[in-house]
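Chemist: Need coordinates for the below:
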Amino acid sequence: MAGNPQSEVLIRVHSKRAGGNMIHPVEVDTPPVQSPAPTPMVYREIKHFKKWFPWLIPSFVVANVVMFGISMYVNNCPKNSVSCVADFLGRFSFQPFKENPLLGPSSSTLEKMGALDVSKVVDGHQGWRLISCIWLHGGLLHLLANMLSLVVIGIRLEREFGFVRIGLLYLIAGFGGSLLSALFIQSNISVGASGAVFGLLGAMLSELITNWTIYANKIAALVTLVVIIAINLAVGILPHVDNFAHIGGFISGFLLGFVFLIRPQFGWVSQRYAPPGYSTPLAKPKFKTYQCVLWIISLLLLVAWLVAGLVQLLRGVDLNDHCSWCHYLSCVPTSRWSCNTQPISCMSEQSGNQLSLTCSNNNRNGTYTLVNATASQIQGLCSQLCR
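Modeler: Just a heads-up that it's a prediction; the model follows:
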């Protein structure tokens, strides 16, 4: 008997909802058919929700590890320092704990390798340090913490959004973190990928907001993500942690997430991939209105922030002069630690095989048996004496 049966077109969508791959049915009217045979189900792959193979983030991890190895090779602790940690590593042994508790090279080596040094960026026109510093790490512990976070966060994002968007997000967020750090911390060098990693965290938050309708358990996901971000930012108030890089990277990544990680709504996807010959309801736009508004506002704010920040940096502006309390965002002094960031310097005097040092920061004195001490050896001893 002829009739007007309803058929279902099933579209396979790689979604981040709970349950993995979702099948979203689209009910459509079909022309009359003469045969009672059931209409076959049609499966189509949706490119907007495809899963990508993550290779870029693992490559970034390898690059960071290689750069750390090169830094330790250049550092050559046995030659340039009086004592080293893990001497059995030879040239790759670490600086003394008093000089670098993170198990890594000296500050002079990091500066030579491309650490962020504001004076060299402003006066030496070495703007490339704003990018090169995110590939360097202060020590083995620093490297492990950042790479673990990068693997956990970055691979998930690359699998969902592809290497182009996540690669650009990582680099731009890292640049934004370096930029804010340079505007506030101008007396010390800065290294680390944490600004870029915080950018990925910020992008996860904005991606959740802009793609709100496709998530199951929205509130739980939002609360969990906010708690993780808050804990990581709170760690930044400890001494010797550059929280301004964290904040700058997070803000940049948060704005970029609205631009790079926007997804089309399911109604538009269903219409676009419906097989020929099937009638569809009223056409729906690709993106919701609030997604477009957030995209425009975020792009404008991001460009304004990066351009204004770079101009102020190249003019030699120190934002601490305009914000008396902002330094507490990076370090809060307590009875257990100090937030003194003054550059370390010493007065040295060589007499025969005796080297005498006086720390200019705390007036401590030290005498060492050392013949023809090199500048690197004196700087390492000075760092230990002043800490």
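Chemist: need the strands for this protein, in chain order.
Modeler: For the chain, applying DSSP state E gives strands covering 6-13, 22-29, 346-351, 354-359, 365-369.
Chemist: packing partners for the shortest one?
Modeler: Spelled out, it's strand 365-369. strand 354-359, helix 375-386 (3 or more Cβ pairs under 8 Å, 6 or more residues apart in numbering; DSSP states H and E). Bear in mind the C-beta positions are built from the backbone N, C-alpha and C, glycine included.
Chemist: count of neighbours near the nearest residue to Gln95 once chain neighbours are set aside?
Modeler: Spatial nearest neighbour of Gln95, excluding adjacent residues (Cβ to Cβ, 6 or more residues apart in numbering): Ser106 at 5.2 Å. Counted with other Cβ atoms under 10 Å, residues neighbouring Ser106 total 25.
Chemist: cool, and Ala283?
Modeler: Ala283 has 9 nearby residues by other Cβ under 10 Å.
Chemist: Next, work out how far apart it and Trp268 are.
Modeler: Separation of Ala283 from Trp268 (Cβ to Cβ, to the nearest Å) stands at 8 Å.
Chemist: Check His246 too.
Modeler: In terms of Cβ to Cβ, His246 sits 37 Å off from Trp268.
Chemist: Out of these two, name the residue with the larger neighbour count.
Modeler: His246 (28 against 16).
Chemist: Show the pLDDT at the more buried one.
Modeler: With respect to pLDDT, His246 scores 94.
Chemist: contacting residues around it?
Modeler: Gly177, Ser194, Gly195, Phe198, Asn232, Leu233, Gly236 (Cβ atoms under 8 Å, 6 or more residues apart in numbering).
Chemist: So which of those are in helices?
Modeler: Gly177, Ser194, Gly195, Phe198, Asn232, Leu233 (DSSP state H).
Chemist: State the distance from Phe94 to Phe88.
Modeler: From Phe94 to Phe88 the distance is 11 Å (Cβ to Cβ).
Chemist: oh sorry, the question was meant for Leu381
Modeler: 23 Å.
Chemist: same check, this time on Ser252
Modeler: 42 Å.
Chemist: Between the two, tell me which one has more neighbours.
Modeler: Counted by other Cβ under 10 Å, Ser252 and Phe88 do not tie: Ser252 has more neighbours, with 29 against 7.
Chemist: What's the local residue count around His137?
Modeler: His137 has 27 nearby residues by other Cβ under 10 Å.
Chemist: tell me the contacts of it?
Modeler: Per Cβ under 8 Å, 6+ apart, neighbours of His137: Asn64, Met67, Phe68, Ser71, Gly104, Leu143, Asn146, Val191, Gly192, Ala193.
Chemist: Neighbours of Asp242, how many?
Modeler: 27.
Chemist: actually Val164, sorry about that
Modeler: Around Val164 there are 12 residues (other Cβ under 10 Å).
Chemist: Output the contacts of His137 as TSV; include the columns neighbour count, distance to Gly316 and pLDDT.
Modeler: As requested, the contacts of His137 are exported to TSV (neighbours: other Cβ atoms under 10 Å; distance: Cβ to Cβ, whole Å; pLDDT from 0 to 100):
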residue	neighbour count	distance to Gly316	pLDDT
Asn64	20	30	97
Met67	20	29	97
Phe68	24	31	96
Ser71	26	28	96
Gly104	26	30	93
Leu143	24	32	94
Asn146	20	30	93
Val191	29	22	94
Gly192	28	24	93
Ala193	30	27	94
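Chemist: Show me these that map onto helices.
Modeler: Asn64, Met67, Phe68, Ser71, Leu143, Asn146.
Chemist: pretty sure the fifth one contacts Asn64?
Modeler: Yes: with the criterion set as Cβ atoms under 8 Å, Leu143 and Asn64 qualify as a contacting pair; they are 6.5 Å apart.
Chemist: in the stretch 201-350 of the chain, which segments are predicted with low confidence?
Modeler: 239-240, 267, 269-282, 335-338, 340-343 (pLDDT under 70).
Chemist: any chance you could map the helices in it?
Modeler: According to DSSP state H, counting those that start in this stretch, the stretch 201-350 of the chain carries its helices in the segments 218-235, 243-260, 266-272, 289-314.
Chemist: and Ile153, what does it touch?
Modeler: Contacts of Ile153 by Cβ under 8 Å, 6+ apart are Val197, Leu200, Leu201, Met204.
Chemist: Quickly name whichever of the residues you listed is closest to Asn365.
Modeler: Val197 (41.5 Å; Cβ to Cβ).
Chemist: What sits closest to the closest one if chain neighbours are left out?
Modeler: Val197's closest residue in space is Ser149 (Cβ to Cβ, 6+ apart), at 4.9 Å.
Chemist: rewinding a little: need the contacts of His137 in JSON lines with distance to Ser298, can you?
Modeler: Putting these into JSON lines (distance: Cβ to Cβ, whole Å) gives the following:
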{"residue": "Asn64", "distance to Ser298": "28"}
{"residue": "Met67", "distance to Ser298": "31"}
{"residue": "Phe68", "distance to Ser298": "34"}
{"residue": "Ser71", "distance to Ser298": "35"}
{"residue": "Gly104", "distance to Ser298": "36"}
{"residue": "Leu143", "distance to Ser298": "31"}
{"residue": "Asn146", "distance to Ser298": "26"}
{"residue": "Val191", "distance to Ser298": "28"}
{"residue": "Gly192", "distance to Ser298": "25"}
{"residue": "Ala193", "distance to Ser298": "23"}
